[in-house]
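**Q** just a sequence and a predicted model for now, questions to come.
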Amino acid sequence: MNFTLLVTVVLTALIFVGLVVVIANAIAPRSYNPQKMEPYECGIPTRGKTWMQFHVGYYLFAILFLMFEVETVFLFPWAVITSELGVAGLCSVLFFLFILVLGLAYAWKKGALEWK
């Protein structure tokens, strides 16, 4: 019974997604202007090579930023109900922070925080 329900839900979801894609392609406005396919930034035409490689340090820095932003999101609910959690809640958050500090120490050791 559960397998039949799962198959039904998955097939229904696939049908709905396929239907939405078909309808969107059918009613979407079309513009075949060659200028539309040109890459640009802020409306200013590009000069020189359009596709450039970026230094991997930018990506590492962005991932670290996201990691600590997610940490803030996870710590906020804990701070709201901190008195109700007791010692077990404190230990779990300290373990969470310890793992994050280990990640920061690893990134720092590998030089992901240094701009060259």
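**A** Done, it's in.

**Q** and the helices in the protein?
**A** 2-27, 56-80, 82-110 (DSSP state H).

**Q** got those helices as TSV, with mean pLDDT and mean neighbour count columns?
**A** No exception for glycine: its C-beta is placed from N, CA and C like everyone else's. Converted to TSV, these look like this (pLDDT from 0 to 100; neighbours: other C-beta atoms under 10 Å):
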stretch	mean pLDDT	mean neighbour count
helix 2-27	94	9
helix 56-80	81	11
helix 82-110	86	11
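
**Q** go through those helices and name the closest to residue 47.
**A** Evaluated over these, closeness to residue 47 peaks at helix 56-80, with 21.0 Å, by C-beta to C-beta.

**Q** what residues does that closest one touch?
**A** Contact partners of helix 56-80, identified using C-beta atoms under 8 Å, 6 or more residues apart in numbering, comprise 85, 89, 93, 96-97, 100, 103-104, 107, 112-116.

**Q** check the offset of that helix from the chain's centre.
**A** Centroid displacement of helix 56-80 relative to its chain, using C-alpha atoms, centre = their mean, to the nearest Å, is 11 Å.

**Q** now the angle from it to helix 82-110?
**A** Between helix 56-80 and helix 82-110, the angle comes out at 170 degrees (axes from the mean of the first three to the mean of the last three C-alpha atoms, to 10 degrees).

**Q** start the count at 854, not 1, going forward
**A** Sure, I'll start numbering at 854, so the last one becomes helix 909-933.

**Q** picking up where we left off before, okay if I get the contacts of helix 909-933 as JSON lines plus distance to residue 928?
**A** Output for these, formatted as JSON lines (distance: C-beta to C-beta, whole Å):
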{"residue": "938", "distance to residue 928": "12"}
{"residue": "942", "distance to residue 928": "12"}
{"residue": "946", "distance to residue 928": "7"}
{"residue": "949", "distance to residue 928": "8"}
{"residue": "950", "distance to residue 928": "8"}
{"residue": "953", "distance to residue 928": "10"}
{"residue": "956", "distance to residue 928": "15"}
{"residue": "957", "distance to residue 928": "15"}
{"residue": "960", "distance to residue 928": "19"}
{"residue": "965", "distance to residue 928": "22"}
{"residue": "966", "distance to residue 928": "21"}
{"residue": "967", "distance to residue 928": "27"}
{"residue": "968", "distance to residue 928": "28"}
{"residue": "969", "distance to residue 928": "32"}
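
**Q** perfect, that will be all.
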